[in-house]
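>>> Pasting the sequence and the predicted model now:
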2 protein chains.
Amino acid sequence: MTDAYAELETRFGRMNALSEAGGVLNWDMATLMPAGGAEARSEQLAALQVTCHQMMTDPKMAELFENAQAKGDQLSSWQAANLKEMRRQWLHATAVPERLVEQISRATNRCELAWREARPENDFQKVKPHLQEVLDLTREAGQAKADALGLGVYDALLDQFEPGFSSQRIDEIFGRLAQWLPETLPRVLEKQRSQTPPQRPEGPFPQAKQEQLGKRLMQAVGFNFSHGRLDVSLHPFCGGVPDDLRITTRYDESDFTSAILGVLHETGHAMYERNLPADWRRQPVGEARGMALHESQSLLIEMQACRSADFIQFMAPIAQETFAGSGPAWEPHNLYRLATQVEPDFIRVDADEVTYPAHVILRYRLETALIAGDMSLDDLPGAWNDGMRDLLGITPPEDRLGCLQDIHWFDGAFGYFPTYTLGALAAAQLFEAATTAHPEIPQHLRQGDFSTLLAWLRTNVHSLGSSLTTDEILERATGAKLDETVFQRHIQRRYLDD
Amino acid sequence: MTDAYAELETRFGRMNALSEAGGVLNWDMATLMPAGGAEARSEQLAALQVTCHQMMTDPKMAELFENAQAKGDQLSSWQAANLKEMRRQWLHATAVPERLVEQISRATNRCELAWREARPENDFQKVKPHLQEVLDLTREAGQAKADALGLGVYDALLDQFEPGFSSQRIDEIFGRLAQWLPETLPRVLEKQRSQTPPQRPEGPFPQAKQEQLGKRLMQAVGFNFSHGRLDVSLHPFCGGVPDDLRITTRYDESDFTSAILGVLHETGHAMYERNLPADWRRQPVGEARGMALHESQSLLIEMQACRSADFIQFMAPIAQETFAGSGPAWEPHNLYRLATQVEPDFIRVDADEVTYPAHVILRYRLETALIAGDMSLDDLPGAWNDGMRDLLGITPPEDRLGCLQDIHWFDGAFGYFPTYTLGALAAAQLFEAATTAHPEIPQHLRQGDFSTLLAWLRTNVHSLGSSLTTDEILERATGAKLDETVFQRHIQRRYLDD
């Protein structure tokens, strides 16, 4: 280890500690903060971001990177990988001027708060000027990054979330999926229509009971409540840090499955964070590899494991006991059929895994057009509705079921959406590889025992942090880079063969 | 306004925003954080403190202060007062080397967490090494500040909490109180023993009901829940920022008065923060003047206003309704007598206002001895118990009722304790002045209407921020500097004359 490298570790450790503090503030803002605290909270978050940005853009950093790289042969392989990731983050940060960083922080905070009001009020016009501000600033930042990294503007934004991926590659994968989907979806729907419809257990399902069930299932997956919490927010997320994970959900007392499967989804994210290499806390190489792999972990737990007939065999009697339910609606096979119902619908987060890619392809098309300047926000609600009709054959009757439903753009996250479907593809690849290596996994899930699955994921994904690329991790674990074939096989097996 | 002054405002604004972020993290740690998050939280808090310290000790600051002061005649009176406060804080901060700041942050976090375990386990030995570390580091920092400010070590620590006060002045005031107390307390106790004892309403008092009552009374005082919350922590406090105030309390289901009066106490702190000058948010002159004046606001609300027979006339029927109580124990006069019972006891936070100064005098004597190096921590539990016996005639049977009861030393706050009693004296002075100016205040309190009292406090204390000294504020509002005479008159009136 060299002095310059050690100094970089110290600096990144401190920056990441400050950024963790921002994470706590964001969690608090989404879960507990009274409305009147918004203005002060924006100031606090802006100060944290500007401070980190100043540390990152300190003129001494260039020299430190130069000196550390000159003695690169004295570094261990993890240190070398850390240096590479530090440099990548530094290049991203130095591309954007400090003024713009501060403007973006304030604008996204304002816009997110406006969205919190506009969505229940179904009032896109109310949030549009805030979103326009966020979009303009994002395009400006994207252009600055594009210039610095030698990428297109959208690819520069994408690179923040999924390093090494490109819109060209997404165009190819999404192109094949967009071709496959219209062939597959009607066959799935036709098969389901030929069967007796599953029955919905009758509510109400009190929030406290749902929370109790959620916590019990989180523990089954391996979540340790000495290192995390479960709370309520409008848009579910997994925040916090590896040793203090803050999962949130929202409850609907007429349907417990939405919250419970949401909780299991976030638990998948949480287990990735929890099992990241402890020796590299607050260092770039110790972070999760990227958003596609992160989403693969949540979807692997939610979609691959917890919506399997095996796991539902375990969950059904616990749910029945929790809600004092009775009758055929509570039979495992009925609950399994409910958990795998396919139905084109307006809301992405409630979508089944067959129609989900259509939601993402729509958003990907719209956000690439917005970033390229090919579409204005005035046209967004209409284009959204047209896209839904084209892809899934349904038209949202109001914007809160359309372009107001997701927090992402209002929070400044352009270039993020594609990672959901890239994650779904990776989840299928990883789950197939895990069950090939350990054919007893389905039987274990039937007993609520996730230990074998989690141990495999820890070894093959979690503990690697960012020491390898997403494709390297997938190739090492499954024998193939990211692609759609295993996902398509999974859909064929679960929805058409069975 | 000059460029140098404007740059100082920007820098202090950012430092205070970071320090506010630390406040949210501390609140979260005390209320919600799972135990496993402690290590990461320490890193986050340390990073925030070091960052602020680095900003404060930036070599450019000396130049900025020099330039701003050279053009001091171009500043408004508030700007001049702000510059004076900025400079005072800067002198405090630059005295302590960065290494020591970081060590103190880590040590106090560790020590506070150890205390959280040691107190319920009644195990002083378990926390002693951590407290020793905190004490050693505090003495080192105090010596550094003493050298820089030209003060004694204890006075330099005191100056952090109550600028401009000295141990010499405290010795005088506490000396007179320590003389008055043994003459007065026996007479109060004797008078009470001659009366039929008041009856305690019978519990249990469910936590949720206590919270409901607490929130209702907070609102009566003027607390706005769009700008704050009420939560639970081991040691009650008022955290947060003026626009997002985080009050905490702890509940005892066998006695509702402890939590309710605690909540009202913290509400007094909160109203001070809430009414600080909004134009000076995150600037030193916009902050509360000092801890004595802060405590005066909580004690004015709790002791002067809410334990008065007038307010209890308002509160009694609401409390009775909340807990569905019945019988003579719920009569206002009985509840008033309960709220003004005097009884030497072990726990400071539960102490009545007559014996409270004895608790503070004890801690003041012990901490001055610890800081001076005249006493070792080995002797602390014994010295504590001896002091209690000398001052109040009772001996704590175990350390959790003795030297383990308060968080302060374990959290590094040496020099803080005297401000409690200085605050009690100021509270009596201010309440007497307010009711002299507005003789209708007692009648308003009887109707649960705090608006006249709060308006007077806002004008005469809150809105002044740190633009004047504590003595200047008191002299302007009451005609006299801080002293014990009005407090003694208040005790005489409430406990002996009536």
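Now that the structure is in, tell me what you want to look at.
>>> which residues touch the residue nearest the centre of chain A?
Central residue of chain A (Cα atoms, centre = their mean): residue A:295, 4.6 Å from the mean position. Counting by Cβ atoms under 8 Å, 6 or more residues apart in numbering or on different chains, residue A:295 makes contact with A:269, A:419-420, A:422-424, A:426-427. Where you see a C-beta, it was placed from the backbone N, CA and C, and this is true even at glycine.
>>> so where do the strands sit in chain A?
Along chain A, the stretches classed as strands by DSSP state E are A:228-232, A:238-241, A:244-249.
>>> could you dump these to TSV with distance to chain B?
Compiled in TSV, the strands of chain A are given as follows (distance: least, Cβ to the nearest Cβ, whole Å):
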stretch	distance to chain B
strand A:228-232	6
strand A:238-241	5
strand A:244-249	3
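>>> what about residue A:479, how many neighbours?
The number of residues packed near residue A:479 is 10, by other Cβ atoms under 10 Å in any protein chain shown.
>>> Ramachandran coordinates for it?
Residue A:479 adopts backbone torsions of phi 90, psi 0, taken as degrees, to the nearest 10.
>>> burial measure for the closest residue to chain B within the stretch 251-400 of chain A, as a count.
Closest approach between the stretch 251-400 of chain A and chain B, counting by Cβ to the nearest Cβ: residue A:282, at 6.9 Å. As a burial measure, residue A:282 scores 22 neighbours (other Cβ under 10 Å).
>>> wait, what's in contact with the nearest residue to it once chain neighbours are set aside?
The spatial neighbour of residue A:282 that comes closest, neighbours along the chain excluded (Cβ to Cβ, 6 or more residues apart in numbering or on different chains), is residue A:16 at 3.9 Å. By Cβ under 8 Å, 6+ apart, the contact set of residue A:16 is A:282-284.
>>> how about the residues you listed in TSV, adding pLDDT?
Shown next, in TSV, are these (pLDDT from 0 to 100):
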residue	pLDDT
A:282	98
A:283	98
A:284	98
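>>> Endpoint to endpoint, stretch A:303-314 covers what distance?
15 Å (Cα to Cα, to the nearest Å).
>>> ok, residue A:70 to chain B distance?
Residue A:70 sits 27 Å away from chain B, going by Cβ to the nearest Cβ, to the nearest Å.
>>> pLDDT score for that residue?
pLDDT, residue A:70: 95.
>>> so who does it touch?
By Cβ under 8 Å, 6+ apart, residue A:70 lies in contact with nothing.
>>> which sections of chain A are below the confidence cut-off?
A:1 (pLDDT under 70).
>>> one more time with 50
Judged against pLDDT under 50, chain A has no low-scoring part.
>>> tell me which parts of it are close to chain B?
Counting by Cβ under 8 Å from any Cβ of the partner chain, chain A comes close to chain B at A:13-14, A:17-18, A:20-22, A:24-25, A:28, A:32-37, A:39-41, A:43-48, A:50-51, A:224-229, A:240-244, A:281-282.
>>> Tell me which stretches of the stretch 201-350 of chain A form helices.
A:207-221, A:256-274, A:291-299, A:309-322, A:332-339 (DSSP state H, counting those that start in this stretch).
>>> which one of these has the most crowded surroundings?
helix A:291-299 (a mean of 26; mean count of other Cβ atoms under 10 Å in any protein chain shown).
>>> next one: it to chain centre, how far?
6 Å (Cα atoms, centre = their mean, to the nearest Å).
>>> same question, stretch A:339-359
16 Å.
>>> same deal with stretch A:9-19?
23 Å.
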